[in-house]
Every structure is written in structure tokens, then in C-alpha cells.
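In: Test case, fold it:
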Amino acid sequence: MESRTEPAEAEPDPAAAIRRPSPPNTATRPPLIRELLLVVGLFVIYKVGRQLADGHTAEAFRNANHVWDWERTLHLPSEGSVQGTLLHSDTLVHLANTYYATVHFPATVAFLVWMYLRRPVHYVWARRILAAVTTAALALHLTFPLAPPRLLAAAGLVDTGQVYGPTVYGAHPATDRMANQFAAMPSLHFGWALMVAIGLIAATRSRGRWLWLLHPLLTLLVIVGTANHYWLDAIVATALLGIALAVIRLPHGAWAPWRVAADEASGEAGGETGNSSGAGGAGEKESLPELVGAGR
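Out: Numbering: from 1, shown residues only. Alright, predicted model coming up:
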């Protein structure tokens, strides 16, 4: 009588399970409504806080003169050198003003939306960083009101927004109820742009991901060339962002696409090595003549 035996099931390979990349953990995505309320709430608090910092005209201009003197003491390049390049072309100045007025918020919102949908773990990290930097910036706006270089007579710069347009500020800071013009330091235009670039570099694996740094670089040239910010405004924003990045770390187990690719590559290499070494030594014997022949 014939006896049939079913083939034994292959036991799972623990090493292969470790090497196999896991898909992004969408379960870590926070609730959408909560995030919308949180982001909008932070934005409202920031706008109200900036309005509370308004009205310190004398102190803002006194601090502006100090910042201008500090930059000359530190031998920082003059903001006028960047603006002089823009003023060679009316079109270039208009584009710079448009970039300043229209890119800042939409780019940051688009960044957060993409991170929320595609990289939820990175999104939570980036949102916390942006919230921390914005809170610190608001504290500085309240304690250190600062008139921008376009309003400082000693700087001798052109208010490109008023002259060439478009502009997001009123002609007279004292009567401008839409924005606080004495909140130049730090520059959140630059701080947010730099975080957008860092976040996208951390969350993607494209070889060209470093090109995202062009966004903060272009933002820096725009905010200085349009005389909306000093160099020190961007330097202070960078320092605040650096502190936030050091304190609020990306979770160690966060899914990183380039790390998954590296794990796959190392796993495949490890599997090939294991197969060749586990062939009972035959592989080494067969390859020996080739090595000897190659050495002749």
C-alpha cells in the first residue's frame, strides 16, 4: 500500500523576516481633525501674539540700529549688495517680492500635507519642530521688537515691496493692522523654509533630494534683497532650528526609505555570501584555480 506524505512546510527564515522592509506605519498617522485644529490654533495664537508685540516703535528702531552695528562689527556682508543685484531688473525685483509674499505659507502647508499623507512619523516630528521654532520666535518678537532694514534710514535700502510690488505690508507700520512690521527677528520665512528642506531630505531617498536646500537659499536671498530681514534674522532662525532639532529627535524606529533600501541591499549581499559559504567548501575549491591562474 502506497503511503502518501505531504511535503513539509518550509520553516520561516528569521533572518529574512528581519531583512524584509516593513511598509510605512500608517497607524501612527494622527487624526486629521485634531491636526487641523492644532495647526490652525497655533497659527491663530502666533498671529495674535505678533499683534501684541506691535506698537513698540521707538524700541524697534533702537534695536534695528543695534543689529545694524552688530552686523558691521561681525563683518557680515551688506544687505545692499544683494538688493543691488535685484535692482538691475524690475522683473527680478517683482519676482522676489512675489516669492516673499506668496511662497512662505503655501510651501509650508504643502510640506505638512505631504508629510501627513506619505510620511506620518516624519510629519509628527516636523510639526513639533515647526511649533517649537515658531513659539520661540514669538517670544523673541515680544521681547525684542525689531524694525526691518527697509525701514531703517541708516541701511539706505529700498522698500522694494512698496516701490515695485507686490507687498504684504502697509506703507505705515503704525497704522498696519494686518501684520506686525516690527517682528523681523528671527526670520520665520527662512526658518520654516530651512525646516521644509531638512524634513524632505530626511523623509525621501532621491539622489536629488539635496536640491531642496535651494528653497531656503533662495528664501534667504529674497528676504535680504527685498530688505525685509537682516542677515542676523536668518542666523538666529537657524540657531533656534538647530536647538529644536537637537531636542526633538526623529524616532529611532521611524521608517526611512533610504534605510529600507540599504537594508535590502545588505540583506541580499548577506544572502549571497551565506549561500556561497554554505556550499560545503566546494565553492572555495572551484574558485581556487581561477585565483591561482589570475596571479600568473
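
In: All the helices of the stretch 151-296 of the chain, in order from the start?
Out: Using DSSP state H, counting those that start in this stretch, the helices assigned to the stretch 151-296 of the chain run over residues 160-164, 188-203, 214-225, 231-247, 257-277, 282-294.

In: Pro166: what's it in contact with?
Out: Pro166 is in contact with 94, 97-98, 101, counting by CB atoms under 8 Å, 6 or more residues apart in numbering. (Glycine included, C-beta is placed from N, CA and C.)

In: Among those residues, name the ones in helices.
Out: Applying DSSP state H to the contacts of Pro166, the entries found in helices are 94, 97-98, 101.

In: Surely Pro77 is within a helix?
Out: No - secondary structure assignment places Pro77 outside any helix; it is coil (DSSP: H, G, I helix; E, B strand; the rest coil).

In: For it, list the residues it contacts.
Out: Residues counted as contacts of Pro77 (CB under 8 Å, 6+ apart) are Trp231.

In: measure it to Leu42 for me?
Out: 34 Å (CB to CB, to the nearest Å).

In: Remind me which helix or strand the closest residue to Leu188 other than its chain neighbours belongs to.
Out: The shortest distance from Leu188 to any non-neighbouring residue, by CB to CB, 6 or more residues apart in numbering, is to Ala137 (5.4 Å). Secondary-structure assignment from DSSP states H and E places Ala137 in helix 120-143.

In: From the chain's centroid, how far away is that helix?
Out: For helix 120-143, the distance between its averaged C-alpha position and the chain's averaged C-alpha position is 12 Å (CA atoms, centre = their mean, to the nearest Å).

In: Can you name every helix or strand that it contacts?
Out: Applying 3 or more CB pairs under 8 Å, 6 or more residues apart in numbering; DSSP states H and E, one finds that helix 120-143 makes contact with helix 32-52, helix 104-118, helix 188-203, helix 231-247.

In: Rounded mean pLDDT for that helix, please.
Out: Confidence for helix 120-143, expressed as mean pLDDT, is 92.

In: List the buried residues in that helix.
Out: Of the residues in helix 120-143, those buried by neighbour count under the rule 16 or more other CB atoms under 10 Å are 120-127, 129-134, 136-138, 140-141.

In: same question, stretch 230-240
Out: 230-238, 240.

In: Repeat that for stretch 58-78.
Out: 60-61, 63-64, 67-68, 71, 78.

In: quick revisit: my guess is the residue nearest to Leu188 meets Trp192, correct?
Out: No - at 9.6 Å, Ala137 and Trp192 do not qualify as touching, with contact defined as CB atoms under 8 Å.

In: Ala60 and Leu146 touch, don't they?
Out: Yes - the pair Ala60 and Leu146 passes the contact test of CB under 8 Å, sitting 5.7 Å apart.

In: Quickly list what's touching both of these two.
Out: Contacts common to Ala60 and Leu146, judged by CB under 8 Å, 6+ apart, are Phe182.

In: low pLDDT regions in the stretch 51-200 of the chain?
Out: Low-confidence segments of the stretch 51-200 of the chain (pLDDT under 70): 51-55, 171-178.

In: ok, 90 please
Out: In the predicted model, the stretch 51-200 of the chain carries pLDDT under 90 at residues 51-58, 105, 138, 141-142, 154, 165-184.

In: before we move on, back to that, okay, the residue nearest to Leu188 and Trp212: tell me how far apart.
Out: Counting by CB to CB, the gap from Ala137 to Trp212 is 22 Å.

In: same question, Pro149
Out: From Pro149 over to Trp212 (counting by CB to CB), the distance is 27 Å.

In: Looking at these two now, which is surrounded by more residues?
Out: Taking neighbours as other CB atoms under 10 Å, Pro149 and Trp212 compare with Pro149 leading, 29 against 20.

In: and that one, what is it in contact with?
Out: Counting by CB under 8 Å, 6+ apart, Pro149 makes contact with 64, 68, 79, 155, 157, 184, 227-230.

In: do Val247 as well
Out: Counting by CB under 8 Å, 6+ apart, Val247 touches Ala132.

In: one step back: just flag the most distant two among the contacts of Pro149.
Out: Across the contacts of Pro149, no pair lies farther apart than Trp68 and Asn228, at 14.6 Å, counting by CB to CB.

In: My guess is Leu112 contacts Ala126. True?
Out: Yes - taking CB under 8 Å as the contact criterion, Leu112 and Ala126 are neighbours in contact, 7.0 Å apart.
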